[in-house]
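# Pasting the sequence and the predicted model now:
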Amino acid sequence: MMPSRKAASSLPLIDLEEFYAVLLGHYGDPMWWPADTPFEMCAGAILTQNTSWKNVERAIAGLKKLNLMTASAIARTAPDVLEQVIKSSGSYRQKARRLRLFAQFVLESYGGRVEQMRGVHVDTLRRELLSIHGIGPETADSILLYACDKPVFVADAYSRRIFGRLGVAPGDTGYGALKSMVEGRLRADAPMYNRLHALLVEFGKQLCRQEPLCSRCFVSSRCRYGLNSLNVKKRVSEDEDE
DNA sequence: GTCCAGGGCCTAC
DNA sequence: GTAGGCCATGGA
């Protein structure tokens, strides 16, 4: 009988709490989402939809330079002007409209102050945000977490990919299902969710990319995908040696 | 030149 | 209800 070549990992797949601790230990406290005001965080959440942060930074700098980084300023700015200022963020006509609709919402419901949204129950506020055209689940949760300090999980593309590979949740888990699963397993702690999302993005950018760098990854021995990937490479190199 | 990035809306089936 | 197309820029 041939001995199995499958590398026997003595440890089980990593769980959520432990993965968070490992990420925190590896990357340190991320102190994420650079923004001077809660409104700027919300604007960034809208502008970054399907867009790299580099392109968003230019748009944010443009808005701040023209003193447009408030709900009242954006609401009274002509659409074509707003479009030109945020052009670098891509989909600029859609996003200009979304920014204006969000600004109008903040003005009408919260006197133009995002800070006042913090006093509202998370479920109520989430429903209100989702009713705004252009604010979907991920953007709403980013606003709830980063601008309103609510303990919610932002189940973005990075987290779906990472948790799918780790074996924490199937890769085709939908947004709501993944969000519920994570929130059901972790304590309701806003700063923790803030760090977790930031760490997932960092991990997703550096190692767990679309083409993952499993050979350099510090959790590959506790990851379903990583174990498969490394075993395949091991088998290939063994075959080459023969 | 092609692909992708801290999504969401709309249309067709 | 859901898969596919579209928005659109800038960097790799």
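Sure thing, it's come through.

# How about residue A:189, nearest residue that isn't a chain neighbour?
residue A:151 (5.6 Å; CB to CB, 6 or more residues apart in numbering). The way it works is simple: take the backbone N, C-alpha and C, and place the C-beta from them, glycine included.

# For the residue of chain A found nearest DNA strand B, the count of nearby residues, please.
Closest residue of chain A to DNA strand B, CB to the nearest atom of the strand: residue A:136 (2.3 Å). Using other CB atoms under 10 Å, residue A:136 has 13 other residues around it.

# Repeat that for residue A:86.
Neighbour tally, residue A:86, other CB under 10 Å: 27.

# go on, residue A:94?
Residue A:94: 14 surrounding residues under other CB under 10 Å.

# That one contacts residue A:100, doesn't it?
No - assessed by CB atoms under 8 Å, residue A:94 is found out of contact with residue A:100, at 11.1 Å.

# Next one, pLDDT for the spatially most central residue of chain A please.
Nearest to the geometric centre of chain A sits residue A:156, at 4.6 Å (CA atoms, centre = their mean). The model reports residue A:156 with a pLDDT of 91.

# and stretch A:30-43, which residues are buried?
Under the neighbour-count criterion of 16 or more other CB atoms under 10 Å, stretch A:30-43 has A:30, A:33, A:35, A:38, A:39, A:40, A:41, A:42, A:43 buried.

# Give me the subset of these lying in helices.
Those of the buried residues of stretch A:30-43 mapping onto helices are A:38, A:39, A:40, A:41, A:42, A:43, per DSSP state H.

# State the distance from the third one to residue A:88.
Residue A:40 sits 16 Å away from residue A:88, taking CB to CB, to the nearest Å as the criterion.

# again with the second one
Between residue A:39 and residue A:88 the computed distance is 19 Å (CB to CB).

# now swap in residue A:45 and tell me
Look at residue A:45 and residue A:88: by CB to CB, they are 17 Å apart.

# quick one, which of these two is more surrounded?
Between residue A:45 and residue A:88, counting by other CB under 10 Å, residue A:45 is the more crowded of the two (26 against 17).

# how about the residue nearest to that one when sequence neighbours are not counted, what does it touch?
Among residues not flanking residue A:45 along the chain, residue A:142 sits closest, at 4.1 Å (CB to CB, 6+ apart). Contact analysis of residue A:142 by CB atoms under 8 Å, 6 or more residues apart in numbering lists A:41, A:45, A:154.
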